[in-house]
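1. got a sequence here, can you build the structure:
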Amino acid sequence: MKRIFDRDTWQEIFGSIQKNKVRTIITMIGVLWGIFIYIALSGSSKGLDNGFERAFQSIASNSIFVWAQSTSIPYGGYKSERRIQLKLGDVEILKKRVKGIKFIAPRNVAGVFGSAGGNIVRGTKTGTYAIYGEFPEYIKIATAKIFDGGRFINESDIKNERKVCVIGERTQLELFEENENPIGQFISINKINFRVVGVHKFVQGGGFGDDGDIYIPFATFRKIFNTGDNVGWFMIAADENIDGLKVEKDIKATLKEIHTIHPDDERGIGGFNLGEVFTKTMNFANGLTFLSLVVGIATILAGVIGIGNILLISVKERTKEIGIRRALGATPSEVRSQIILESVFLTVLAGIIGIILGALVLYGINAATLDMTDFPYTNPTVPIPYVLGALSLMIILGTLMGMIPAQKAVSVKPIDALREE
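-> Residues are numbered from 1 along each chain as shown. All right, here's what the predicted structure looks like:
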């Protein structure tokens, strides 16, 4: 420890480096490049990880979408190509028979998938937007963000078939004045007045909608559009820590039984499991992080080996110098510690420079992607423990690699070293 703070030791280390500047710099680049790759790759993969989390934050990661299609297999006296229609009564059956359902929201829509949209009028301003018939459970699954002062559809709206609506932020901009508060105001949907009770902020990834969507109570929707008990699709959130794929399989099997669809008919009931996509996405991001760790460590190791090689050459060139020091009374431990300290110093110095360069690259990437909302990428960073772990690894590797040339220096006999030309 005393040697670390000894002035003469550092003078000898810097003197050795100055004698071989170019060779030392080239060797250090190996370690620098390794830690740079590790920081840049792991930070970038973390940015991708953060981006995926942001993309999925507007909807439960264990969400399942289920809808009806047409059959492909004759069954129960029915021909194939029979069009299936989901019903509101399916909800209670699914809740009773399928374990693992936390929330289920039946949904209908007009103005999407080829259906006619709602003709919206407010004063002299008009527009056509998608109209969704919703239950309160929707907001528990999709986590729609409602601006301050407003609310979403509630149970009273459903029970009393109220003519209330939640409009999108684009709808507000197009139908209302710039500084006008839409809450409590009325808009006309297909010549029926609806009171605005909330404005939702559109978040990409929340389902099939956009920033102009209008939500109305499901019960009110079916009266206006004459849909009866028909349901367009179910949006379902499975319980946490449960196999979402099994829940999806059980839901489809139950719906096939309800609507007399062959159990092996894969087309009759369509579905999309967001939990499966989320898991694959996160596994991909974790794989990138692991890859960056492997590549970074391998490159750092190669660089540290290079430093060990240059120190071996340095010891060979300084054989006479080492012999004189030994003859003047330098102990083997003093010679050994100086060589090891030089190895660790070069390794850590290269690593710190690599970390700084990697951080600058991540800062530039973050600045370039700061306003990017159409791609899942945000805030590329490397956790401090990862950085400290990389530095610790470099110190350990630098010490181990320095022991080889250090032992070589110690093994030199003073009398033989003094004979070297």
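2. quick one: mean pLDDT for stretch 368-380?
-> The predicted model assigns stretch 368-380 a mean pLDDT of 70.
3. not counting sequence-adjacent ones, nearest residue to the spatially most central residue of the chain?
-> Nearest to the centroid of the C-alpha atoms of the chain, with distances taken as CA atoms, centre = their mean, sits Asp49, at 2.2 Å. Across the structure, with CB to CB, 6 or more residues apart in numbering as the measure, the residue nearest Asp49 apart from its sequence neighbours is Ala285 (4.0 Å). Yep, even glycine has a C-beta here, placed from its N, CA and C like the rest.
4. quick one on the thing from earlier: from Phe284, how far out is the residue nearest to the centre of the chain?
-> Asp49 is 9 Å from Phe284, where distance means CB to CB, to the nearest Å.
5. next one: the one helix or strand Ser44 maps to to chain centre, how far?
-> Taking DSSP states H and E as the criterion, the element that holds Ser44 is helix 21-56. Using CA atoms, centre = their mean, to the nearest Å, the distance from the centre of helix 21-56 to the centre of the chain it belongs to is 18 Å.
6. so which other helices or strands are in contact with it?
-> Helix 21-56 makes packing contacts with helix 274-317, helix 332-368, helix 384-410 when contacts are defined by 3 or more CB pairs under 8 Å, 6 or more residues apart in numbering; DSSP states H and E.
7. where exactly do the strands run in the stretch 151-300 of the chain?
-> Along the stretch 151-300 of the chain, counting by DSSP state E, counting those that start in this stretch, strands occupy 164-168, 186-189, 192-201, 214-217, 230-231, 233-238, 269-273.
8. ok, Ile187 - contacts?
-> The neighbourhood of Ile187, defined by CB atoms under 8 Å, 6 or more residues apart in numbering, consists of 120-122, 165, 167, 175, 193-194, 196.
9. please pick the buried ones from the residues you listed.
-> Neighbour-count burial within the contacts of Ile187 applies to 120-122, 165, 167, 175, 194, 196; the criterion is 16 or more other CB atoms under 10 Å.
10. return the member of those residues nearest to Val387.
-> Proximity of these to Val387 (CB to CB) peaks at Ile167, which lies at 46.8 Å.
11. quick check: that closest one vs Asp210, distance?
-> Ile167 sits 12 Å away from Asp210, going by CB to CB.
12. I'd say Arg170 and His200 touch.
-> No - between Arg170 and His200 there is no contact, the gap being 10.4 Å when judged by CB atoms under 8 Å.
13. give me the more crowded residue out of the two.
-> Shown here are Arg170 and His200; by other CB atoms under 10 Å, His200 has more neighbours (25 against 15).
14. give me the distance between the more buried one and Tyr215.
-> Summarising the geometry, the distance separating His200 from Tyr215, computed by CB to CB, is 7 Å.
15. quick check: domain ranges of the protein?
-> For the chain, the structural domains run 2-57+279-419, 63-274, going by automatic domain parsing.
16. between those domains, which gets the lowest average pLDDT?
-> Taking the mean pLDDT of each of the domains of the chain, the lowest value is held by domain 2-57+279-419, a mean of 73.
17. please consider this matter closed, and thank you.
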